[in-house]
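Trainee: Fold the following.
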Amino acid sequence: MLKADSILEKIREERHAFRQSEQKVAEYILTHPREVIGSPITELAEVIGVSEATIVRMCKKIGFKGFHELKISLAAQNVQPLQTVHEQIQDGDDMETIVKKVFAANIQTMNSTLNVLPVRDLKQAVDALAAANQIHFYGVGGSGSIAQDAAHKFMKTGKPVAAYIDTHMQVMAASLLGKGDVVVGISHSGSSRDIIEALELARKKGATTIGLTHYAKSPIDKVLDIKLCTASNETFYRTESTSSRIAQLSIIDALFIGVSLRDPEKAIENIQLTREAIASKRF
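Mentor: Take a look at the predicted model:
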């Protein structure tokens, strides 16, 4: 993988051979490398005034598979290594400091998410989930555990619910959906190709698509009927989010409670039945 200074030098050397639109991308990267690290591709394309395909094409011309790989390489030189573990952690922090910083980051993310999450979008999502014939949750990597937690909760609604964390299973399941079904795709970055492809297929089949993702514009927006936003200071080059997971789980909880309150008697009955089913598994 090229170092950041090597990337910028390579762009300088080869930009004369780029198309005019690709040169605009190159110039922006050269003058705003840190901003590029923290931007999803959709938002960056809008700022520069080019298409997402143009950005990807330029990245490939200098030897990268795509935009995300370029960002990781830029971040290697522009971001402190410990920030890939957690945004606020510094070398030398003791355990007390670490705990306080992690909790503070989670609290900040929760408050920030409340500020960017319209209640009308939550209500629209609850309406769709409450009326759904069946519900799917899709997530990969760290988002996979969020999908599984969501399915665990929504199973208690009595509806057919499934979580798919395998990318092949996601598109297979999506291909069998239809009108009246609902899919919730979970992606902090909003740039997960597999999740986007599965949601796009589900939408073509007539299912309602809900995205649990960052508030910034990103590729996932194009395949969503409803967008539920989180907000955190975590950057977009990271493969795993931390504090954003807390916000995602909280949104899932709010959706579950919202759906349960549409028929509280049934919800209470189902919760009691599931508790009785696992009672024998405890001492």
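Trainee: wait, what's in contact with the residue lying closest to residue 212 once chain neighbours are set aside?
Mentor: Closest residue to residue 212 apart from its sequence neighbours, by C-beta to C-beta, 6 or more residues apart in numbering: residue 186 at 4.6 Å. C-betas here are computed from N, CA, C, even on glycine. The contact partners of residue 186, by C-beta atoms under 8 Å, 6 or more residues apart in numbering, come to 137-139, 143, 146-147, 150, 195, 211-213, 248.
Trainee: Could you pull out the buried residues of the strand or helix carrying residue 276?
Mentor: Assigned by DSSP states H and E, residue 276 belongs to helix 264-279. Residues of helix 264-279 classed as buried by neighbour count (16 or more other C-beta atoms under 10 Å): 267, 270.
Trainee: which residues in the stretch 51-200 of the chain form strands?
Mentor: 135-138, 161-164, 182-187 (DSSP state E, counting those that start in this stretch).
Trainee: give me the low-pLDDT residue ranges for the stretch 1-150 of the chain?
Mentor: 1-5, 77-89 (pLDDT under 70).
Trainee: Switch the contacts of residue 186 over to a markdown table; also include neighbour count and distance to residue 40.
Mentor: Shown next, in a markdown table, are the contacts of residue 186 (neighbours: other C-beta atoms under 10 Å; distance: C-beta to C-beta, whole Å):
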| residue | neighbour count | distance to residue 40 |
| --- | --- | --- |
| 137 | 29 | 22 |
| 138 | 32 | 19 |
| 139 | 28 | 18 |
| 143 | 26 | 15 |
| 146 | 25 | 19 |
| 147 | 26 | 21 |
| 150 | 26 | 23 |
| 195 | 27 | 14 |
| 211 | 26 | 13 |
| 212 | 31 | 15 |
| 213 | 28 | 9 |
| 248 | 29 | 17 |
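Trainee: what's the helix holding residue 276 in contact with?
Mentor: 155-158, 260-261.
Trainee: Mind splitting this structure into its structural domains?
Mentor: 4-79, 101-279 (automatic domain parsing).
Trainee: Tell me where the longest helix sits in the chain.
Mentor: Scanning the chain for the longest helix, with DSSP state H as the assignment, gives helix 95-116.
Trainee: tell me what that helix is packed against?
Mentor: Here helix 95-116 touches strand 226-230, helix 243-260, going by 3 or more C-beta pairs under 8 Å, 6 or more residues apart in numbering; DSSP states H and E.
Trainee: Now with 6 Å, please.
Mentor: Secondary structure elements in contact with helix 95-116, counted by 3 or more C-beta pairs under 6 Å, 6 or more residues apart in numbering; DSSP states H and E, are helix 243-260.
Trainee: Residue 211 and residue 22: what is the separation?
Mentor: Distance, residue 211 to residue 22, by C-beta to C-beta, to the nearest Å: 29 Å.
Trainee: again with residue 183
Mentor: From residue 183 across to residue 22, the span is 35 Å (C-beta to C-beta).
Trainee: Compare the domains of the chain and give me the one nearest residue 90.
Mentor: Nearest of the domains of the chain to residue 90, taken as C-beta to C-beta: domain 101-279 at 8.6 Å.
Trainee: Take the strands of the stretch 51-200 of the chain and lay them out in a markdown table including distance to residue 230.
Mentor: Shown next, in a markdown table, are the strands of the stretch 51-200 of the chain (distance: least, C-beta to C-beta, whole Å):
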| stretch | distance to residue 230 |
| --- | --- |
| strand 135-138 | 16 |
| strand 161-164 | 19 |
| strand 182-187 | 10 |
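Trainee: so which of those comes closest to residue 123?
Mentor: Per C-beta to C-beta, nearest to residue 123 of the strands of the stretch 51-200 of the chain: strand 182-187, 14.5 Å.
Trainee: Partner strands of that closest one and their direction?
Mentor: In the sheet, strand 182-187 lines up against strand 135-138 (parallel), strand 208-214 (parallel) (DSSP bridges).
Trainee: In TSV: these, plus distance to residue 90.
Mentor: Compiled in TSV, the strands paired with strand 182-187 are given as follows (distance: least, C-beta to C-beta, whole Å):
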stretch	distance to residue 90
strand 135-138	36
strand 208-214	24
